[in-house]
Structures are given as structure tokens and as C-alpha cells.
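>>> need a 3D model of the following:
(chains A and B)
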Protein chains: 2
Amino acid sequence: MVEESNFRWVESPVPAPSDGEVLIRNLWLSFDPTQRGWMSRETYFPMIPLGEAMWGVAIGQVVQSRKPGFEPGEIVYGLFGWQDYIVTNGGGMVGMRKVQAGVPPPMALGLFGVNGITAYFGVIDIGKCKPGETFVVSGAAGATGSIAGQIAKIKGCRVVGIAGGKAKCDWRVGEAAFDGAIDYRSEDVGERLAQLCPKGVDVYFDNVGGPILDEILRRINMHARIVLCGAISQYNSKVPYALKNSINLVARRARMEGFLVFDYQERYPEAIQAISEWSREGRLKHKEDIAVGLENAPKTLIRLFNGENFGKQLLKIADLQT
Amino acid sequence: MVEESNFRWVESPVPAPSDGEVLIRNLWLSFDPTQRGWMSRETYFPMIPLGEAMWGVAIGQVVQSRKPGFEPGEIVYGLFGWQDYIVTNGGGMVGMRKVQAGVPPPMALGLFGVNGITAYFGVIDIGKCKPGETFVVSGAAGATGSIAGQIAKIKGCRVVGIAGGKAKCDWRVGEAAFDGAIDYRSEDVGERLAQLCPKGVDVYFDNVGGPILDEILRRINMHARIVLCGAISQYNSKVPYALKNSINLVARRARMEGFLVFDYQERYPEAIQAISEWSREGRLKHKEDIAVGLENAPKTLIRLFNGENFGKQLLKIADLQT
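Numbering: from 1, shown residues only, chains lettered A, B, ... in the order given. Got it, this is the predicted structure:
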């Protein structure tokens, strides 16, 4: 389990940009379960080197620019890390892009950021949801899961969410209009799945992995699709949970597939357009959980893993300069 | 484990066909690991009812026909079961079709039957093999696995086969021109995979499931495809093997997918044409393991599960009547 003692507060002079670089003032940090993986092994990124500032997606404001196309004052999105200032050329897998006019920074990190776009491609491209199908999502009160369930609902699915705690479940069924919710903390997930998905599961959007994934594998329908978005239940464990029911993939001709939003960069505009439209129509409810102060970043990350966050976890570092 | 004592020899009069039916004399039986599943649970078929003749794919000869389009003497392929004679309307998932002129019955059951067609769609459609990729197949000396590996080789992959016993491995590397073979009985599969697949595994065609699948999951590359064709190591076990490394599917954006050849009926001609062509060109070597006598059907099935068969397991019931 990640602990506050894994982090150290370090002060150093604000760096200066070279040719092709910008200096950015960080404003908002995004917190994502996948960051836990970056800390302990090579993932789609190399492991974060010990002693380097913790990596994290952020919204920042350009202070000084020696990179054509970027002007001081502009709001940008990128992998800027847990620090007040960063100098970058905007390269790498995440890249650096300007935030769409009219989108407030917190929404640029959630609904219009990695979470919304991940949910979109997971549901549409990997899940291939069809009207009338049963769609289950775990981490259903989390930033990505909550949007995924709502997109599946828009696509005509029966949607059941799995989340921890009654408040989160109530929000799913009430505000987000899911057809059912399961509180994995106080309910028997298998039993509740049997009740809420009497026709089995066609699409499962997995954010947690482990025993819940195994319960779903017991209940998949013919040609089911399991969208592997994350496995938060496994990120802090030394011995991974071993799946007992994967053999059903053979008999039921089902598919289980991992994906990463960064592979879809060319198609981001498609996702952002759909999300904008649904959001304007009031069909995508979004919940944010906001912490304040860079010094609180470690304990804010930990909130994700003990399930304290309710909605997209953000941290505000500084105000926008106008 | 299936045993001879699970079967009973029963004699009854030869049935007569009604309108729309044919009477068939069975000539050759096909033996396939999937039959083990049919015996103990609902699969893509309902479970075989106790007391009914064991199901099996077969080649037979029409003796008497009350079904338009079928004439006495014709050679047909279908799910005719472990019996000398059967009356059928040719319906069901497997259907009944005439054997292509010039294809000897044993080849109609193997290379041009379920095995060849399964291998074709598994490699091409689910595996999406690309030239230069590393392709691993288990059950590599079996009827489907051996063809799958050769098709991947034709498609330009580096092919490594996993099989039980030195003779089978030697045949893979010699006759079938695989790039490497692993004898899971006498070698450490993980260690040998590391040696033979130094660039990791892009496509795995799985016929066995269990710990070998888990070893592959440790070594999959980004965007790897795992083609779940069967899980013979699991069919006789009460407690399924639990997969420890499936979490790599998330980090490596990989896909694991089950499929069934019967879902591809409309595209059989495409597969049969490709197989005919490759076979004519001498690029598909085929090995058959032939038993004789209907009374030996139970012990012939068991050969599959203790790995005694070497190539496509068949049983000859009767000679063709001309």
C-alpha cells in the first residue's frame, strides 16, 4: 500500500525553458489509480525513477514560452507532475495540448480528460455495447466508471454499477440513473449480480480486477466483452489474485481485452465531440472530489486506494492568473 | 478423468428414416478434446443426456434417403455419434454436408474438417497474425494446433510449438518446420519460452489452458492476442487452475478471446479454399493417428487426455461401400 512516507517535499529554484520548451505553472492535479503502477514497475511508461518528482496529469498555465504555438497565459493539459512549476517540450505519450475554450480546468481533467475519453473508447470501441444488453461497471463511482456507465445507458444498455458504500450506490441509481447498484462493502456481489443481471452479463467495464472480475466471469453471456480498464484492487498487492473462472471465455466465446486511452490519440476529437454533446444535453452527470494544496498530494492519492474519493479526485494547486 | 467404464455397449435395431431424414452408415469417427466438455456440462451444446449414444463428429455414407438432395452412396459429414447407423435430418449446429470430391474421409475430418477450419479462423481472424511476429501454439502435435502453427508459419510468423514428448517436438521442428518446440513433459516451459521467444509472445494459440497459459501471460507483448481454442488440461479437473498473470492484459493492452468454429459457418468456403491451396502446394503437413473398431471408441477418446495420440485421432468403423 502506498504511504505518505513514500514521498518527500523538495524545494528547488524555478527552472528556465530552453528553445522549444515552455515553463508552466501547475494549477490542478488529476489523481488516477494507474499512478500506483507507475511507482512500482514498468507499465506503458517506464517506472518513475526514484528521486524524481511524482508523475501526474495536470492542468497548468504557460508562464514563459520558447515553443512556437504556445503563449504565456494559455491553459494546457499534460503530464506535468506533482510540482509548482515544470519546464517541458510537451513530448511523450501524454503530450501537451491546449484546453478547449469554455471548459473549466477540473472538467478538462475529468469528463473531457483521460477519464471521459477512456470511458468513451472502452464502452464504444472495446465493449461494443448494443441496445438491450446488460452492462456492468465496477469502480462505478470513480471518475472513469461513472462516465462509462452513463455512456452505456445512453447507448441503450441496462446498467448496473458496483461501488463501495451506500452513498456512492445511491448516487449511481439516483443522479446517474443506473438500473441498479451493488455496494461491494456490505453486499454479496455474486448474489446481487444474480438478482440485478438475471439475463447474465454482456459487457463488463472493469476498473478493479480481482474477485469481482472473477464473479463476472462466472456470469458472462455468449460473446460477452470484458473491457479491462484497470485493476485497482490489485495495484497494492504483492501476490496478484488468481482468476478461477477465465475458462468460461472459451466455452462462451467471450473476449477480455485491455486498452489504454493513449493509443487513441488520433480519435480524441471524436470522443470529445460526443462527450460535449451529451454533456450539453444534460445526459452526463459528473462528480468531483476536490483537495487543495500541493503538500496534500500524497494523502490525496491514497484516498483512491482506500475508496474515500467520491467522483473524480482532483487537487487544486494555484489560481489561474488573468 | 473420463474412463472406459463411463460407456456401455448397446445393441438395437437399425432405425428407419422418416420424411426429410436420411439413414447413415458411419465410417469414420473424429475425436476431439471438446467432447469431454459435452459429457459433463452445458457448453455450446446442452450436456449429452445420460443413456444417449455418445456424440461425435463423423463421416458416414448415406444408405437410404428421404431427404431431397441426398442420395444413397454419398459421403456426408456431421455429428453422427458413436454408433454404426444413425437417422438424422441433418439439422443442429454442426449440420450435415457432403464431403468434397477427392478428399479422403480422414482428411475431411481433420485438415478439411473442424480442425483445419478452427485453425484457420483462430490464426487469421482472432489471432490476426502479422509477418515477423512471434506465434506460440500449445497442443502443437494435436490436430488443430499442428495446423494452426503451420498457417502462422505461412503467414510469416516465427512459430514455437508446445507439445508432450520428444517425438512430437521433433516432428514439429522437422516435418512441420516450426522454429522451435518445447516438450512440456521434460522441459521447463517458462525457461524455454524465454529462450525461444526472446522478443516475447505476440500471438498465443491456446489448446491447453492452465499453467502453460499462465506462463504465456507473463511473456505477452503489447497488443498481444491470446486465441482461446481449448483448455484440455482443465477438462478433467474439478477445480480449475487459477490464472495469476491475467493482470498483464491490462498493462499490455492485450486481448484474450474464445471462439468456436461453428460461428463461422458462412465463411467455411474461404477457409476450405485456403487450406486446399496450401495443401496442394505441400505447405500443410498433416498427421493422423488411426484406431479401428467402434468398440474401441472409449479408449480412443481417452488417448487424447493422456496425450497418447500423435496427430489427428480418428477411428475407422467401416469401409466405404462402392
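
>>> excluding chain neighbours, what is closest to whatever residue of chain A ends up closest to chain B?
Nearest residue of chain A to chain B: A:A242, at 3.3 Å (Cβ to the nearest Cβ). C-beta: built from backbone N, CA, C; applies to glycine. Nearest non-adjacent residue to A:A242, counting by Cβ to Cβ, 6 or more residues apart in numbering or on different chains: B:A242, 3.3 Å away.

>>> count of residues packed around that neighbour?
When neighbours are counted by other Cβ atoms under 10 Å in any protein chain shown, B:A242 registers 15.

>>> just to revisit the earlier point, pretty sure the residue of chain A closest to chain B contacts B:K244?
Yes: counting by Cβ atoms under 8 Å, B:K244 is a contact partner of A:A242 at 4.7 Å.

>>> domains in chain A, by residue range?
With domains defined by automatic domain parsing, chain A comprises A:4-109+A:287-316, A:114-263.

>>> adding mean pLDDT and distance to B:R219, write these out as TSV.
Output for the domains of chain A, formatted as TSV (pLDDT from 0 to 100; distance: least, Cβ to Cβ, whole Å):
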stretch	mean pLDDT	distance to B:R219
domain A:4-109+A:287-316	93	14
domain A:114-263	93	15
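
>>> quick check: which of those domains is buried the most?
Looking across these with neighbours counted as mean count of other Cβ atoms under 10 Å in any protein chain shown, the highest average goes to domain A:114-263: a mean of 22.

>>> measure that domain end to end?
Distance across domain A:114-263, first residue to last, is 12 Å (Cα to Cα, to the nearest Å).

>>> at which residues are the helices of chain A located?
Along chain A, the stretches classed as helices by DSSP state H are A:34-40, A:105-109, A:114-121, A:143-154, A:166-173, A:189-196, A:210-218, A:248-251, A:268-280, A:297-305.

>>> what lies in contact with the first one?
Under the contact criterion Cβ atoms under 8 Å, 6 or more residues apart in numbering or on different chains, helix A:34-40 has outside partners A:2, A:6, A:43, A:45, A:47-48, A:54-56, A:230, A:232, A:235-236, A:301, A:304-305, B:251.

>>> again, only this time at 6 Å
Contacts to helix A:34-40, defined as Cβ atoms under 6 Å, 6 or more residues apart in numbering or on different chains, come from residues A:T43, A:F45, A:I48, A:W55, A:Y235.

>>> distance from that helix to the middle of the chain?
13 Å (Cα atoms, centre = their mean, to the nearest Å).

>>> check the longest one too.
Average the C-alpha atoms of helix A:268-280, do the same for its chain, and the two points are 17 Å apart (Cα atoms, centre = their mean).

>>> the second one too?
For helix A:105-109, the gap between its own C-alpha mean and the chain's C-alpha mean amounts to 13 Å (Cα atoms, centre = their mean).

>>> span of stretch A:106-116 from start to end?
Across stretch A:106-116, the terminal residues are separated by 12 Å (Cα to Cα).

>>> same deal with stretch A:283-302?
One end of stretch A:283-302 sits 30 Å from the other (Cα to Cα).

>>> can you check stretch A:311-320 too?
23 Å.

>>> ditto for stretch A:74-89
This stretch, stretch A:74-89, spans 15 Å end to end (Cα to Cα).

>>> other residues contacting it?
A:14-15, A:17, A:20-21, A:23-26, A:53-62, A:94, A:96-99, A:108, A:297.

>>> how about the residues of the stretch 151-300 of chain A by chain B?
Contact residues (Cβ under 6 Å from any Cβ of the partner chain) of the stretch 151-300 of chain A with chain B: A:228, A:231, A:234, A:240, A:242-244, A:246-247, A:249-251, A:253-260.

>>> in strands, which of the residues you listed fall?
Counting by DSSP state E, the part of these found in strands is A:L228, A:R255, A:M256, A:E257, A:G258.

>>> picking that back up, among the domains of chain A, which comes closest to B:I126?
Of all these, it is domain A:114-263 that lies closest to B:I126, at 8.9 Å by Cβ to Cβ.

>>> how far does that closest one sit from its chain's centre?
Worked out by Cα atoms, centre = their mean, domain A:114-263 lies 14 Å from the chain centre.

>>> quick one, what contacts A:N248?
The contact partners of A:N248, by Cβ under 6 Å, 6+ apart, come to A:L217, A:I220.

>>> try the one 3 residues further on
Contacts of A:A251 were listed using Cβ under 6 Å, 6+ apart, and they are B:T43.

>>> same thing but at 10 Å, please
Contacts for A:A251 (Cβ atoms under 10 Å, 6 or more residues apart in numbering or on different chains) come out as A:220, A:222, B:34, B:37, B:41-44, B:228, B:230-231, B:258, B:260.

>>> how about those residues in CSV, adding distance to A:N309?
Formatted as CSV, the contacts of A:A251 follow (distance: Cβ to Cβ, whole Å):
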residue, distance to A:N309
A:I220, 29
A:M222, 36
B:T34, 46
B:G37, 44
B:R41, 42
B:E42, 42
B:T43, 42
B:Y44, 42
B:L228, 36
B:G230, 43
B:A231, 39
B:G258, 35
B:L260, 42
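
>>> farthest-apart pair in those residues, please.
Farthest-apart pair in the contacts of A:A251 is A:I220 and B:T34; separation 18.8 Å (Cβ to Cβ).

>>> which stretches of the stretch 1-150 of chain A form strands?
Taking DSSP state E, counting those that start in this stretch, the strands of the stretch 1-150 of chain A run over residues A:22-30, A:58-65, A:75-78, A:85-88, A:96-98, A:134-138.

>>> need those strands in TSV (columns: distance to B:K168).
Shown next, in TSV, are these (distance: least, Cβ to Cβ, whole Å):
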stretch	distance to B:K168
strand A:22-30	53
strand A:58-65	56
strand A:75-78	54
strand A:85-88	56
strand A:96-98	55
strand A:134-138	43
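
>>> what's the closest of those strands to B:L314?
Distance to B:L314, taken as Cβ to Cβ, is lowest for strand A:134-138 among these, at 42.4 Å.

>>> partner strands of the closest one, parallel or antiparallel?
Taking DSSP bridges as the criterion, strand A:134-138 pairs within the sheet with strand A:158-163 (parallel), strand A:201-206 (parallel).

>>> quick one: stretch A:112-129 to chain centroid distance?
Here stretch A:112-129 is found 10 Å from its chain centre; the criterion is Cα atoms, centre = their mean.

>>> near chain B at all, that stretch?
Yes: with Cβ under 10 Å from any Cβ of the partner chain as the criterion, chain B is reached by stretch A:112-129 at A:I126.

>>> mind listing what A:C129 touches?
A:122-123, A:135, A:148, A:151-157, A:159, A:202-203, A:205, A:225, A:227.
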